[in-house]
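> how would this look folded up:
(2 chains)
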There are 2 protein chains.
Amino acid sequence: MKISDIITSTTVLTVLLLFSCASVRKTDSADFPAIKAQGYYTAGGTVRTNPGTFDPGNVYTSTAGQTVHGDHASYFYQIPVNSRKLPMVFLHGITQSGKCWSTTVDGRDGFHNIFLKDGYSVYLVDQPRRGQAGQSTEDASVPSDAADQMHFDMFRIGLWPQFYTGVQFPQDKESVNQLFRQMTPNIGPYNNNLITDGLSAVFDQTGPAIFFTHSAGGIIGWKAAMKNDNVRAIVAIEPGMFVFPEGKIPEISKNTFTEVTGVATTPETVSEEEFKKLARIPIIIYFGDNIPSKPTKVPGEDFWRMTLETAYEFAKAVNSYGGNVTVVHLPDEGIYGNTHFIMSDLNNKVIADHISSWLKKNSLDK
Amino acid sequence: MKISDIITSTTVLTVLLLFSCASVRKTDSADFPAIKAQGYYTAGGTVRTNPGTFDPGNVYTSTAGQTVHGDHASYFYQIPVNSRKLPMVFLHGITQSGKCWSTTVDGRDGFHNIFLKDGYSVYLVDQPRRGQAGQSTEDASVPSDAADQMHFDMFRIGLWPQFYTGVQFPQDKESVNQLFRQMTPNIGPYNNNLITDGLSAVFDQTGPAIFFTHSAGGIIGWKAAMKNDNVRAIVAIEPGMFVFPEGKIPEISKNTFTEVTGVATTPETVSEEEFKKLARIPIIIYFGDNIPSKPTKVPGEDFWRMTLETAYEFAKAVNSYGGNVTVVHLPDEGIYGNTHFIMSDLNNKVIADHISSWLKKNSLDK
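The predicted model follows:
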């Protein structure tokens, strides 16, 4: 498929969406704002120095005293002319990189283009030890796991090889191919404090900004907001993990799923003082469809059931300190079929509109 | 450093360059063309299927019959309104990803922005098993090598900790920090046939295009051009490896440097029929400064001496079949101080102008 075909099919799809949904934002190609600046940069990171004395004459034969710079975040940014005041920083989840916020698997605009066209500056981040920020200061073993079908189920697209009825995911072969090829592994041990440091360094560079997180990026959102005042709002798409004050982990959240998915989901605890910081900023949390309301033996579905319940507990906890946390379970608002990748689902412009209303309500859209 | 500071310092630098060099292209922020389309996509790749029978009820507990999609290329693309006819595809070298063609270590425009502003469509590729295309179908061991100082020397920025006199590289600490953080490792065994397949798949999507290669990407340029007719021209920045017809490897190129740098530089051989295909397209090859003309005991410098000599032999060989290969050793044209990263050096706009003249001469700029 040539890029020109992809663009054409995107236009066709946009037109169809315009007819099928009155509230959708028009996003044809004429809508890109003039670009003021764009490019790539890195933020944060650590340096490891090898033992021994550096010998300038033997840099090719001895690594003694040589350094490796790693564990930084890397990002692509675009700043439109006359941009809105607060930029948007986008952090991916497990198996993903910054590109998961951009072009969808069937070539439509993701949140990257949608919000850029709406006048926001955008930062697409690869977290430390992932994607273009792949250099780690620790050795890595990266097995090539055959887990496409597990991910298909875990991302709630369906129960492989079946799609959920009415799922907001394109069912052609090439879209599924692109879904699987969007994944990229951890390089070096996973360490969410190190990732939080990297993201906090990104916010030092952006200044005050809105933080979009997805899935495993969720925990980084909470921790970065406690660490860096430049995190002025959080839009969390199906965060997989939460924080609670010490001694206050709710019962539902203690029964984790680690042995099956390899994802640690037991909430982290922080001091009450730290936790209270989350009450200073507006937070909205989105969950999609096909999350059962009662325990089920389908592991992926049951994981999300517990996570959604934990989200409600998290909102209650932050709001008890005067916070402003909203949990949106989309089916409760009559929006059906969303997968774990709400930001790139077929109805992602409807979701973007929903987010835009919330940003406006909280005066984050100036 | 905040992004606004980086942009400001870039503007200041651009102004300085405008005064210091009459031929430089003006690239202030007002110069970005209107964007018609942009986004990310993947191309090519392979699929590995685990042995055993897939069990839909046990995707979390058994990998039997599950697949992994990997070994694809991934790219970011931007297509301006009224773009020039031939897009530009950019492939990085060793330790790098697509971003090495974009923002320089000191925040200036790289070839990405420079040629986009000049009306070209641009594709920044992460090759299979690198960066955002990190998913491999083979297990990977990724050691965290302490090799910053080796790279500094090998990239001919200087002999660490000294910079070469007059080197076209910014000497502030943050620029050196960004240089080291631009690196990202291979994930999975290096295999240049597999990478060639991935890049050929990119050219299937772009249609006819100009191929920019850097360093270890050089060999991919030659092989992709023999494989895919959509490669219509090659601009090779310090290619590290060449191809020759069977039995015709020149003497100078047989003495490789593998034991020191780990880079295989012995030319590959192909049939005469295949090799002749390189004579169908215009090719220009650039080399920078601080490459000695006689053997030296400084390994990095001597490696590039042999590589430059091999480049001349390669040009002679292709041109003997009616080819159009030009080797530009920049100091021979009075352009001094260039490192291995010619495309992001302080004088990269001078180099872009040089390339633009060559594109025009070969009617590649329509």
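
> Give me the secondary structure label for residue A:232.
Using DSSP: H, G, I helix; E, B strand; the rest coil, the secondary structure recorded for residue A:232 is strand.

> and it, how many neighbours?
As a burial measure, residue A:232 scores 19 neighbours (other C-beta atoms under 10 Å in any protein chain shown). Every C-beta, even on glycine, is put in place using the N, C-alpha and C of the backbone.

> dump the residue contacts of the nearest residue to it once chain neighbours are set aside.
Leaving aside its chain neighbours, residue A:232 sits nearest to residue A:208 (4.8 Å; criterion: C-beta to C-beta, 6 or more residues apart in numbering or on different chains). By C-beta atoms under 8 Å, 6 or more residues apart in numbering or on different chains, residue A:208 lies in contact with A:86, A:229, A:230, A:232.

> Angles on the backbone of residue A:208, please.
In terms of degrees, to the nearest 10, the main-chain angles of residue A:208 are phi -50, psi 130.

> What pLDDT does the model give it?
Note on residue A:208: pLDDT of 98.

> which two of the contacts of residue A:208 lie the greatest distance from each other?
With distances taken as C-beta to C-beta, the most widely separated pair in these is A:86 and A:229, at 13.2 Å.

> where in chain A is pLDDT low?
Counting by pLDDT under 70, chain A shows low-confidence ranges at A:1-30, A:255-265.

> Show me what the spatially most central residue of chain A is bridged to.
The residue lying closest to the centre of chain A (C-alpha atoms, centre = their mean) is residue A:214, at 2.5 Å. Beta-bridge pairing for residue A:214 (DSSP bridges): residue A:237.

> looking at it, it is touching residue A:237, isn't it?
Yes. The pair residue A:214 / residue A:237 is scored as a contact, 4.6 Å apart, by C-beta atoms under 8 Å.

> Now the common contact residues for those two.
Common contacts of residue A:214 and residue A:237 (C-beta under 8 Å, 6+ apart): A:341, A:343.

> near chain B, which residues of the stretch 151-300 of chain A show up?
For the stretch 151-300 of chain A, the contact set with chain B under C-beta under 8 Å from any C-beta of the partner chain comprises A:152-154, A:159-161, A:177-178, A:180-185, A:187-188, A:204-207, A:260-261, A:299-300.

> tally of neighbours for residue A:34?
Using other C-beta under 10 Å, residue A:34 has 13 other residues around it.

> wait, what's in contact with it?
A:80, A:81, B:32, B:34.

> quick one, phi/psi of the last one?
Note on residue B:34: backbone dihedrals following degrees, to the nearest 10 are phi -60, psi 140.

> ok so, going back, the residue nearest to the centre of chain A: what's it in contact with?
Contacts for residue A:214 were tallied using C-beta under 8 Å, 6+ apart; they are A:90-93, A:96, A:100-101, A:236-239, A:341, A:343.

> Ends of stretch A:46-60, what's the gap?
Distance across stretch A:46-60, first residue to last, is 23 Å (C-alpha to C-alpha, to the nearest Å).

> ok, and what's touching that stretch?
Contacts to stretch A:46-60, defined as C-beta under 8 Å, 6+ apart, come from residues A:62-72, A:137, A:194, B:144, B:146, B:149-150, B:152-154, B:159-161, B:260-261, B:299-300.

> what's the answer for stretch A:310-323, then?
A:239, A:242-245, A:248, A:250, A:252-253, A:267, A:275-276, A:278-280, A:283, A:285, A:287, A:325-327.

> what's the spacing between it and its chain's center?
Stretch A:310-323 sits 21 Å away from the centroid of its parent chain (C-alpha atoms, centre = their mean, to the nearest Å).

> Using neighbour counts, pick out the buried residues of stretch A:208-222.
Of the residues in stretch A:208-222, those buried by neighbour count under the rule 16 or more other C-beta atoms under 10 Å in any protein chain shown are A:209-222.

> whoops, I mixed them up, stretch A:239-246
Buried residues in stretch A:239-246 (16+ other C-beta under 10 Å): A:239, A:240, A:241, A:242, A:243, A:244, A:245.

> The fifth one touches residue A:272, doesn't it?
No. With contacts defined as C-beta under 8 Å, residue A:243 does not count as touching residue A:272, sitting 11.3 Å away.

> picking that back up, from the residues of the stretch 151-300 of chain A next to chain B, which ones fall inside helices?
Counting by DSSP state H, the part of those found in helices is A:152-154, A:177-178, A:180-181, A:204-206, A:260-261, A:299-300.

> Buried only: go through the residues you listed for me.
A:152-154, A:177-178, A:180-181, A:205-206, A:260-261, A:299-300.

> Among those, give me the pair with the biggest separation.
For these, the farthest-apart pair by C-beta to C-beta is A:205 and A:299; their separation is 39.2 Å.

> what about residue A:89, helix or strand, and which?
According to DSSP states H and E, residue A:89 maps onto strand A:88-91.

> That strand packs against which elements?
helix A:111-117, strand A:122-126, helix A:192-206, strand A:209-214 (3 or more C-beta pairs under 8 Å, 6 or more residues apart in numbering or on different chains; DSSP states H and E).

> Work out the gap between the third one and the centre of the chain.
With C-alpha atoms, centre = their mean as the basis, helix A:192-206 stands 14 Å off its chain's centre.

> Other residues contacting that helix?
Against helix A:192-206 from outside (C-beta under 8 Å, 6+ apart): A:41, A:43-46, A:71-73, A:75, A:87, A:89, A:91, A:121, A:123, A:125, A:127-129, A:133, A:209, A:211, A:219-220, A:223-224, A:227-228, A:230-231, B:1-3.

> Could I have the buried ones of these as PyMOL selection syntax?
Here is the PyMOL command that selects the buried residues among those (16+ other C-beta under 10 Å):
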select buried, (chain A and resi 41+43+44+45+46+71+72+73+75+87+89+91+121+123+125+127+128+129+133+209+211+219+220+223+224+227+228+230+231) or (chain B and resi 3)
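
> Now the residue in the stretch 51-200 of chain A that chain B sits nearest to: closest residue in space, sequence neighbours ignored.
The minimum distance from the stretch 51-200 of chain A to chain B, using C-beta to the nearest C-beta, falls at residue A:103 (3.2 Å). Leaving aside its chain neighbours, residue A:103 sits nearest to residue B:39 (3.2 Å; criterion: C-beta to C-beta, 6+ apart).

> got the contact list for the one you found?
A:102, A:103, A:107, A:109, A:110, A:112, A:113, B:76, B:77.

> Can you tell me which of these is closest to residue A:305?
Nearest to residue A:305 among the contacts of residue B:39, counting by C-beta to C-beta, is residue A:110 at 26.8 Å.

> so where do the strands sit in the stretch 251-366 of chain A?
According to DSSP state E, counting those that start in this stretch, the stretch 251-366 of chain A carries its strands in the segments A:268-270, A:282-287, A:324-329.

> what sits up against the shortest one?
By that I understand strand A:268-270. Residues outside strand A:268-270 that contact it (C-beta under 8 Å, 6+ apart): A:219, A:223, A:226, A:241, A:242, A:243, A:244, A:245, A:246, A:247, A:248, A:249.
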